[in-house]
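> Just the structure for this:
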Amino acid sequence: MKVSKQARRDGKTLFNACCVNGLLNEDKVRQTVTAVIAQKPRGYAATLTHLQRLVKLDLDRRSARVENAVESTPAQMENIQAALTQKYGPGMNVTFWVNPALIGGVKIKAGSDIYDGSVAGRLAALNDTI
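Residues are numbered from 1 along each chain as shown. Prediction:
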């Protein structure tokens with residue numbers, strides 16, 4: 001479904017109204033969506049579709065997945081989380097996963113960026129060059 005310019009503009013306005021200090025506030029999003037559904041202004045479905053898209057993009061941008069071959073220590077977790085917060089800003093939602101297939105090292109997916117420092121990643125890169 002194609003979203004009109006007006007719906008995009010309205011969705012962006014609603015999205016900006018749901019942000020507090022540059023971070024998305026989930027309670028404000030719920031209240032905003034409830035208010036829009038109750039009022040049912042013209043083109044509200046397209047506006048809410050665009051708002052949903054913006055919220056999803058923001059959540060993806062503020063989430064990071066850290067994969068490690070072995071369980072990370074709490075100190076390592078804190079260091080990684082601090083580094084990601086410094087690079088991407090406050091409000092990062094970091095999840096840690098153990099993935100034995102990495103053999104060794106760490107693989108981090110933050111937003112649309114991927115940092116692969118794993119042995120499996122290096123072996124795959126080496127295999128591609130041969």
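
> When you work out contacts or count neighbours from here on, use the C-alpha atoms and nothing else.
Noted.

> With residue 88 as the reference, measure out to the spatially most central residue of the chain.
Nearest to the geometric centre of the chain sits residue 60, at 1.9 Å (Cα atoms, centre = their mean). As for residue 60, its distance to residue 88 is 12 Å (criterion: Cα to Cα, to the nearest Å).

> swap in residue 117?
Counting by Cα to Cα, the separation of residue 117 from residue 88 is 19 Å.

> And residue 81, by the same measure?
Residue 81 is 10 Å from residue 88, by Cα to Cα.

> do the same with residue 111
For residue 111, the distance to residue 88 - Cα to Cα - is 9 Å.

> ok, back up a step: need phi/psi at the residue nearest to the residue nearest to the centre of the chain when sequence neighbours are not counted.
Using Cα to Cα, 6 or more residues apart in numbering and skipping the chain neighbours, the partner closest in space to residue 60 is residue 111 (5.5 Å). With angles defined as degrees, to the nearest 10, residue 111 sits at phi 60, psi -120.
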